[in-house]
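Peer 1: When you get a sec, could you give me coordinates for this:
(4 chains)
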There are 2 protein chains.
Amino acid sequence: MTSGAETEAPRRRSDATRAAILAAARDRFAADGYERATVRAIAHDAGIDPSMVMRYFGSKEDLFAAVIDVELDFPDPSGIDRDAVGVLLVRHFLELWERDGVLRTLLRVGVTNAAGADRLRDVFRTQLVPMARELGHGAADAERRAALVASQVLGMALVRYVLALEPAAGLSHDDVVAWLAPTVQRYLTAEAP
Amino acid sequence: MTSGAETEAPRRRSDATRAAILAAARDRFAADGYERATVRAIAHDAGIDPSMVMRYFGSKEDLFAAVIDVELDFPDPSGIDRDAVGVLLVRHFLELWERDGVLRTLLRVGVTNAAGADRLRDVFRTQLVPMARELGHGAADAERRAALVASQVLGMALVRYVLALEPAAGLSHDDVVAWLAPTVQRYLTAEAP
DNA sequence: AGAGAGAGTCAACAGGTGTTGGCCTACACT
DNA sequence: AGTGTAGGCCAACACCTGTTGACTCTCTCT
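Peer 2: Okay, here's the model as predicted:
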């Protein structure tokens, strides 16, 4: 993230610590899941005392909420090329998954933690469903198609980043796009079977 | 493990307890994941003392190993109908997911627990890869195709049973088959892109 | 009937967890 | 220079975890 908005320099030196805690927490949650990512381990990674985590974020749960509260700029659904939406979406997801660890964190934690699952459903509802609606489907149909897309995209993320199932984890971006884009394209634009 | 050696009826009344613990553990692991499924909670569900869990299974880890050690009879890969493999596989998976909770347990735990992830990779390697090979693909290609199938099938299980993403969770079996079977069919039999 | 083992309970342990409050230190401002 | 305060550490708390060993009950076999 290049901070272009802030014209003033970071006055408080606490800002650096706060950022360090957030980064350490993101990585630990992504690597270990919610329960096994201990406050002590996160504090150790950030180079500070565990009690500082509480002072800055209140509780472990609030810290996790702060981690998953970042923006996940999806492509603008309005005016997308109807025939290229599959390629566009798969490529975009690959970049999103690999840029920072937020989506990986979300997936790993969402499986056991209610707040994580909520946020995941939220991403689905505010990003994927509008895109399906933009392609001209009614409300119920759009939700169904968005869910199908989610199943394929999340499934690939699962085998690739969480389970690290070897052949999937080693596929190039182009390979993934070549195989998955037609699937996503069909889920979004093909006639209902 | 089907105990083929014992021809006699279950003599010991401990067998009932053992089964009760296994069932309670399966459900708790599936519902809460590995860490949050405590030995105390499992024992409570099974109606016995926590120490009995240890006496019967040695440790929590061994208990989990026993839970995921059950057979998951997949369809015989030899002599399958090449053009119907998509429908066959998706329908079979739906039944497998909903019959007992083992696969759901595996998915939920596999995300944070190494043993669960191992077993999941094992299922993939011993069941899905041979099926791809049976369809005439070389070793590397078969693994790639099997991984693609796994991504779609596990992804649907994820949104449907773990995240309970509403439109997906409410789809009928026929709907799921109608949408997913062509995807799986393409991953297994279409020419590589 | 008596003995022995199988099945089960109880209470406690050692270690790890999130969380809290008191104390120290170093900097910024007057 | 003196002082207030933000930033940080330390030690402890209450609780929960997996796990253990001693004890009791109850059936079965001789």
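Peer 1: With residue A:85 as the reference, measure out to residue A:181.
Peer 2: Residue A:181 sits 9 Å away from residue A:85, going by Cβ to Cβ, to the nearest Å. Every C-beta, even on glycine, is put in place using the N, C-alpha and C of the backbone.
Peer 1: When those two are compared, which one has more neighbours?
Peer 2: Set residue A:181 next to residue A:85 and count neighbours by other Cβ atoms under 10 Å in any protein chain shown: residue A:85 wins out with 23 against 19.
Peer 1: Which single residue of chain A approaches chain B most closely?
Peer 2: Relative to chain B, the nearest point of chain A is residue A:155 (1.9 Å; Cβ to the nearest Cβ).
Peer 1: Just say helix, strand or coil for the closest residue in space to that residue that isn't next to it in sequence.
Peer 2: Counting by Cβ to Cβ, 6 or more residues apart in numbering or on different chains, residue B:155 is the residue found nearest to residue A:155 once chain neighbours are left out, at 1.9 Å. Using DSSP: H, G, I helix; E, B strand; the rest coil, the structure places residue B:155 in helix.
Peer 1: Hmm, residue A:149 and residue B:155 touching each other?
Peer 2: No - using Cβ atoms under 8 Å as the test, residue B:155 is too far from residue A:149 to be in contact (9.8 Å).
Peer 1: neighbour count winner among those two?
Peer 2: Taking neighbours as other Cβ under 10 Å, residue B:155 and residue A:149 compare with residue A:149 leading, 28 against 24.
Peer 1: what residues are up against the more buried one?
Peer 2: A:89, A:128, A:132, A:184, A:187-188 (Cβ atoms under 8 Å, 6 or more residues apart in numbering or on different chains).
Peer 1: So which of these reach chain B?
Peer 2: Residues of the contacts of residue A:149 in contact with chain B (Cβ under 8 Å from any Cβ of the partner chain): residue A:187.
Peer 1: So which residues on chain A come close to DNA strand D?
Peer 2: For chain A, the residues in contact with DNA strand D (Cβ under 7 Å from any atom of the strand) are A:12-14, A:17, A:47-52, A:55.
Peer 1: In helices, which of these appear?
Peer 2: Residues of the residues of chain A next to DNA strand D located in helices (DSSP state H): A:14, A:17, A:50-52, A:55.
Peer 1: Nearest to DNA strand C among those?
Peer 2: residue A:51 (3.4 Å; Cβ to the nearest atom of the strand).
Peer 1: Just give me the neighbour total for that closest one.
Peer 2: A count of neighbours around residue A:51, defined by other Cβ under 10 Å, yields 10.
Peer 1: for residue A:139, same thing?
Peer 2: For residue A:139, the number of neighbouring residues by other Cβ under 10 Å comes to 10.
Peer 1: That one contacts residue A:132, correct?
Peer 2: No - counting by Cβ under 8 Å, residue A:139 does not reach residue A:132; the two are 9.7 Å apart.
Peer 1: looking at it, residue A:155 is touching residue B:160, isn't it?
Peer 2: No - with contact defined as Cβ under 8 Å, residue A:155 does not count as touching residue B:160 (11.0 Å).
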